[in-house]
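S.K.: Model the structure of this input:
(2 chains)
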Amino acid sequence: DAGVIQSPRHEVTEMGQEVTLRCKPISGHDYLFWYRQTMMRGLELLIYFNNNVPIDDSGMPEDRFSAKMPNASFSTLKIQPSEPRDSAVYFCASSFSGRGAYEQYFGPGTRLTVT
Amino acid sequence: DQQVKQNSPSLSVQEGRISILNCDYTNSMFDYFLWYKKYPAEGPTFLISISSIKDKNEDGRFTVFLNKSAKHLSLHIVPSQPGDSAVYFCAASPLSYGKLTFGQGTILTVHP
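M.R.: Predicted coordinates for the structure are as follows:
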């Protein structure tokens, strides 16, 4: 398996622009997670899905952030409008409930820079 | 409120010696604990885990110890190798599946 795939790997955009990050989880995994890593806050969970349904979005910082999972093999995290404080590395991870779902497999991340 | 804490930002060890990384937690609802390793420009990689019904779990050179009364866990790497140089995160979750809460990470450097 190719593992969790994220695109783009790097994104540089100007303040106010819309940003869309993409994720393809590992085939057969039924949980999908979006994380953000910053120096100040470390690795924090933004939202997670089970069987394509959002379960907990309490980590989403504000209404500018939205996430969707239209099918089992694709998810997006959208920021509109983007702000410089959104600059971070965004990780997508997936896991399988049959193994307790704790062991999450992370993608390589998208480094977002908002100028 | 940081529920999972790794108080040592960095650790430097000589090759062949033991590396001990520590983690403390405050939430008594946590029942499952994991360690992840992260290399630069990569996502975290699952390393080893332990549930609250155990106090020790081994996997090759890696051993995780859990002290529930102290709300403390540690990761031992023996012997340490230069390829172990990475950032190590501990994470915790309640038994009924929930989200992982991560510590801030410890940078381990193993010198040849």
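
S.K.: How about the contacts made by the residue nearest to A:G42 when sequence neighbours are not counted?
M.R.: Residue nearest to A:G42 in three dimensions, not counting chain neighbours: B:Q104, with 4.6 Å by CB to CB, 6 or more residues apart in numbering or on different chains. Glycine gets a C-beta too; all of them are placed from N, C-alpha and C. By CB atoms under 8 Å, 6 or more residues apart in numbering or on different chains, the contact list for B:Q104 reads A:G42, B:Q2, B:K5, B:Q6, B:P9, B:F89.

S.K.: Got phi/psi on B:Q104?
M.R.: phi -80, psi -10 (degrees, to the nearest 10).

S.K.: Out of the contacts of B:Q104, name the ones that lie in strands.
M.R.: A:G42, B:K5, B:F89 (DSSP state E).

S.K.: residues touching the last one, list them.
M.R.: When you say that, I think you mean B:F89. B:F89 touches A:L43, B:Q6, B:W35, B:Y36, B:K37, B:K38, B:P44, B:F102, B:G103, B:Q104, B:G105, counting by CB under 8 Å, 6+ apart.

S.K.: roughly how far apart are the residue in chain B that chain A sits nearest to and B:I18?
M.R.: Residue nearest to chain A within chain B (CB to the nearest CB): B:G43, separated by 3.1 Å. As judged by CB to CB, to the nearest Å, B:G43 and B:I18 stand 27 Å apart.

S.K.: Look at the two and report which has more neighbours.
M.R.: Set side by side, B:G43 and B:I18 show more neighbours around B:G43, with 22 against 13, by other CB atoms under 10 Å in any protein chain shown.

S.K.: Just to check, the more buried one is in contact with A:G109?
M.R.: Yes - at 5.5 Å, B:G43 counts as touching A:G109 under the criterion of CB atoms under 8 Å.

S.K.: Just say helix, strand or coil for B:S28.
M.R.: coil (DSSP: H, G, I helix; E, B strand; the rest coil).

S.K.: Name the nearest residue to it, sequence neighbours excluded.
M.R.: B:S28 sits nearest to B:K71 (CB to CB, 6+ apart), 7.4 Å away.

S.K.: Report the contact partners of the one you found.
M.R.: B:D24, B:Y25, B:T26, B:S28.
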